[in-house]
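Novice: Need a 3D model of the following:
(one chain, ligands or ions: 2)
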Amino acid sequence: MGSVQIVTTILAFAITAVAVWLAVRAVMKMVAVIRLGQPDPTRFGDKGTRTKTMLAETAGHTRMLRWSVVGAAHWFVMVGFVVLSLLVLEAYFEVVTPTGGLPLVGNWAIYGLVTEWLAILGIVSILVLIAIRLRNRPTRPGGKSRFTGSTMWQGYFVEGVILAVLIMGFVIRGFKVATDHFEYPVWAAPLSHAVGGLLPNWETGVSVAALVKIVISMTWLIVIALNVTMGVAWHRFLAFFNIFFKRDPGANVSGLGALRPMTSQGKPLDFEEADPESDQFGVAQVEQFTWKGLLDFSTCTECGRCQSQCPAWNTAKPLSPKLLVLSLRDHAYAKAPYLLAGGGKDLTGEEKATAAQLAHVDVLALAEAERPLIGTAEEGGVIDPDVLWSCTTCGACVEQCPVDIEHVDHIVDMRRYQVLIESSFPSEAGVMLRNLENKGNPWGAPQNTREDWTKGLDFEVPRVGEVDDFEYLFWVGCAGAFEDRAKKTTRAVATLLNEAGVKFAILGEGETCSGDPARRIGNEFVFQMLAQQNVETLNEAFEGREKSKRKIVATCPHCFNTLGNEYGQLGGEFEVVHHTQLLAHLVATGKLTPVQPVDGGVTYHDPCYLGRHNRVFAPPREVLGSAISGGDGASGDGGLIEMPRNSERSFCCGAGGARMWMEEKIGKRINVDRVEEAMATGARTVAVGCPFCSTMLNDGVNGKEAGEQVEVVDVASVLLRSVKPDQAPGGTDTERLSVAG
Ligand code: SF4
Ligand code: SF4
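Specialist: Ligands and ions are numbered 1, 2, ... in the order given. You can find the predicted model right below:
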């Protein structure tokens, strides 16, 4: 070993020792912070599926690849990172001696070939990612950036380090070529040989270049160890765990559909026995999130995919799911020293720690602990109330997140505390909650008018109890029973079911609100009350039937989601379908025959709770396709024209998450944004599959005074027009679609 190698070896091992020590300390700190969260025993079951999903999502990049170029580039960088680790390991042999290399595999030409090409592709990919970051930088003139609010230097730093380390790999190999110590032939390592042709015959160059490579790598490790909230770097390690422990490992997208039940100490809350002085009601402090919540916040890569899809952010509201996650993460880590010293408030608001315990806690951590989780900027709040209440729970953020963060659950958990304990929520929603409690529907309509929609139909709508041999229980829903436009959909569906000979029955006055708006605004108490009542009624209606015969058809995706995905939490197991699924089946099996092509072009707006939350994308399109072609292949003028944001990436109408019952005072109205997109397709008909979407989009059209150009109408009504054109008399288009109304 020459004198240069003695120096390079000492320096390499010294900086490595410091970096490893800091990294171990950082990992211990992160584990300690994540362990501050509440228990969640549901995350450990079905380890086989969890492992399979985790491997598919990481090694296969199944979620990232939906963003094709970025996904592919990120995959090569990820693989490059693994290779990079081997090459960094190799550098430790090279600082000791210029002819050094990895034992065993180091001499294999195949190892040289694979590492050479992965490093080349890694360089190309990281340059692509840097270019994408630069092109989308928040400071570029005009346009929105998904990186707005992300810590840009961290992204550039991480990408710069990867690029530099990969380049240094070729410099090292180049010096080996130039000094005739290179093991691999030209065919296995062409770029290394080319670089070698440019470098001098300087033996020490190998060890010096290897030291530079180690210093760059260890500087990276030191920087991330000193910045435990640097998600853009830490997600490389945390993403595996976050994906493994996701809520629904077998589901297409975890964290959509049902909400998590309210829990205290890891157990679902029983409202008959729950006590706000000893049980946790929602989340009021960051440590009241579960450990998985804290792991979510730590894993965020700051990529901003969620932000780019969020309807609130895209209409100039203060909510960005990314910024919300980052605020919670930064707050958790800033407050952690106080919590780890034993600090924290009990459920009555009393400090748990003694003065002696807190004596050595940093003043900044003590100040952070005083911040309310929900509060305005003047109050020093971590999350502004306008942020919390802007969410429509549309799930676009959850759908897009490459590391499976469950934003909607966290938002609703914070709402739960605000509503149940603080009674703090947009006041206009109070009327809806009172109506739910007192009348069983958000409009406060008298219960004895629930069946009014049946008046004037030329057939009898049977009630459960009057008939036993029904195949489907038709869940009408509050909108379907009380709201004028939705009533037309209800009548259209009933007419089509009757036409197809489907045996169905309604609950009539026995039905109450499914509880969706109460649950999503955070009033779990009212939800439980309504849901329990409905589960009891439904269990009675289906008494003696096995689950496969307890079939429900619902026209409202919110009811469809709640009955199908959430009533199971309360002992109600049913087979629930959306009316578009049943209608698609009836058309496919020839029970309904469209005869009249629908002209003028049709576009379809995916309701969030039907599409993204429950993956029902094809059936409504199949129904519309059959109506447009008139069943015999004769194509209606215009056909089905997709909006740019459709299916998984559909844009919310603005009504979900109980936003239907709140005023929209900030930014552009979400429904107007969506209507503009629909109108830009040139279609005459905007088909919907949800009464709330119908209301929102109709309001949007009316607000633009565009009722003459475009018609918003349910898929069922479009089909009815095609199946029974004789039952669509004059009047406005929307009225024409009504069977008798
Ligand atoms: S659920 Fe929808 S509205 Fe709420 S934060 Fe996510 S993307 Fe935004
Ligand atoms: S999509 Fe996920 S990882 Fe990306 S910024 Fe949003 S929360 Fe973070």
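
Novice: what residues does stretch 531-538 touch?
Specialist: Residues from elsewhere that reach stretch 531-538 (Cβ atoms under 8 Å, 6 or more residues apart in numbering): 440, 473, 507, 510-512, 514-515, 550, 552, 562-563, 566-567, 570-572, 574. From N, CA and C alone the C-beta is placed, and that goes for glycine too.

Novice: My error: substitute stretch 478-494 in the last question.
Specialist: For stretch 478-494, contacts defined as Cβ under 8 Å, 6+ apart pick out 441-443, 445, 449-454, 457, 461, 474, 476-477, 504, 511, 513, 553, 555-556, 579, 583, 691-692, 694-695, 698, 714, 716-717, 719-720, 734, 737-741.

Novice: In strands only, show me those.
Specialist: Counting by DSSP state E, the contacts of stretch 478-494 place 474, 504, 553, 714 in strands.

Novice: can you give me the strands for this structure?
Specialist: So, for the chain - with DSSP E - the strands run 263-264, 267-268, 472-475, 504-506, 551-554, 575-578, 602-604, 685-688, 711-714.

Novice: Out of these, which one sits most buried?
Specialist: Most buried of the strands of the chain, by mean neighbour count (mean count of other Cβ atoms under 10 Å): strand 685-688, with a mean of 29.

Novice: Please list which of the contacts of stretch 478-494 are also close to ligand 2.
Specialist: Among these, proximity to ligand 2 is found for none (Cβ under 6 Å from any ligand atom).

Novice: Please indicate which of those residues are buried?
Specialist: Among those, the ones that count as buried by 16 or more other Cβ atoms under 10 Å are 441-443, 445, 450-451, 453-454, 461, 474, 476-477, 504, 511, 513, 553, 555-556, 579, 583, 691-692, 694-695, 698, 714, 716-717, 719-720, 734, 737-739, 741.

Novice: Distance-wise, check the spatially most central residue of the chain relative to G515.
Specialist: Central residue of the chain (Cα atoms, centre = their mean): V398, 0.5 Å from the mean position. Per Cβ to Cβ, to the nearest Å, V398 is found 21 Å from G515.

Novice: got a pLDDT number for the residue of the stretch 201-350 of the chain found nearest ligand 1?
Specialist: The minimum distance from the stretch 201-350 of the chain to ligand 1, using Cβ to the nearest ligand atom, falls at C310 (3.3 Å). Per-residue confidence (pLDDT) for C310: 97.

Novice: Give me the neighbour count for it.
Specialist: Neighbours of C310 under the rule other Cβ atoms under 10 Å: 28.

Novice: same question, R649
Specialist: Neighbourhood size, R649 [other Cβ under 10 Å]: 17.

Novice: again with T97
Specialist: Here the number of neighbours of T97 (other Cβ under 10 Å) works out to 16.

Novice: Any chance of a ChimeraX selection covering the buried ones in the contacts of stretch 531-538?
Specialist: The buried subset of the contacts of stretch 531-538, as determined by 16+ other Cβ under 10 Å, is captured in ChimeraX by this line:
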select :440,473,507,510,511,512,514,515,550,552,562,563,566,567,570,572,574
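
Novice: residues of stretch 173-180 that come out buried?
Specialist: Neighbour-count burial for stretch 173-180 [16+ other Cβ under 10 Å]: 173-179.

Novice: Out of those, flag the one nearest to A251.
Specialist: Nearest to A251, judged by Cβ to Cβ, of those is R173 at 45.4 Å.

Novice: Distance of the closest residue to ligand 1 within the stretch 601-741 of the chain relative to ligand 2?
Specialist: Relative to ligand 1, the nearest point of the stretch 601-741 of the chain is C652 (6.2 Å; Cβ to the nearest ligand atom). Between C652 and ligand 2 the computed distance is 17 Å (Cβ to the nearest ligand atom, to the nearest Å).

Novice: Next: E509.
Specialist: Taken as Cβ to the nearest ligand atom, the span from E509 to ligand 2 is 44 Å.

Novice: got any ranges where the stretch 501-650 of the chain has weak pLDDT?
Specialist: 631-638 (pLDDT under 70).

Novice: which helices and strands sit right next to the longest helix seen in the chain?
Specialist: Counting residues, the longest helix found in the chain (DSSP state H) is helix 3-34. Where contact means 3 or more Cβ pairs under 8 Å, 6 or more residues apart in numbering; DSSP states H and E, helix 3-34 is packed against helix 68-96, helix 204-226, helix 291-299, helix 321-340.

Novice: Do the longest one and ligand 2 come into contact?
Specialist: No - contact of helix 68-96 with ligand 2 (Cβ under 6 Å from any ligand atom) is absent, the minimum separation being 11.5 Å.

Novice: Make 464 the first number, not 1, from now on.
Specialist: Renumbered: residue one is now 464, and that last one reads helix 531-559.

Novice: Can you check what angle separates that helix from helix 667-689?
Specialist: Between the axes of helix 531-559 and helix 667-689, defined by axes from the mean of the first three to the mean of the last three Cα atoms, to 10 degrees, the angle is 120 degrees.

Novice: list the buried ones in helix 531-559?
Specialist: 533, 535-544, 546-547, 549-551, 553-559.

Novice: Tell me which residues of stretch 994-1005 come out buried.
Specialist: Those would be 994-998, 1000-1002, 1004-1005, for stretch 994-1005 by 16+ other Cβ under 10 Å.

Novice: what does the protein put close to ligand 2?
Specialist: Applying Cβ under 6 Å from any ligand atom, one finds that the chain approaches ligand 2 through 763-769, 784-785, 788, 863-866, 868.

Novice: and ligand 1, which of those residues contact it?
Specialist: Counting by Cβ under 6 Å from any ligand atom, the members of the residues of the chain next to ligand 2 that reach ligand 1 are P784.

Novice: coming back round to it: looking at the contacts of stretch 941-957, which are in helices?
Specialist: Those of those lying in helices (DSSP H): 1042, 1046, 1154-1155, 1157-1158, 1161, 1179-1180, 1182-1183, 1197.

Novice: how near is D872 to C766?
Specialist: D872 sits 20 Å away from C766, taking Cβ to Cβ as the criterion.

Novice: Pick out whichever of the two has more residues nearby.
Specialist: Neighbours were counted for D872 and for C766 using other Cβ under 10 Å; C766 has more, 25 against 22.

Novice: Surely the more buried one and R609 touch.
Specialist: Yes - between C766 and R609 a contact is recorded at 7.0 Å, counting by Cβ atoms under 8 Å.

Novice: hey, what's in contact with both of these two?
Specialist: K785.

Novice: rewinding a little: starting at the chain centroid, how far to the longest helix of the chain?
Specialist: Distance of helix 466-497 from its chain centroid, counting by Cα atoms, centre = their mean, to the nearest Å, is 36 Å.

Novice: And for G659, nearest residue in space, chain neighbours not counted?
Specialist: Among residues not flanking G659 along the chain, V640 sits closest, at 2.4 Å (Cβ to Cβ, 6 or more residues apart in numbering).
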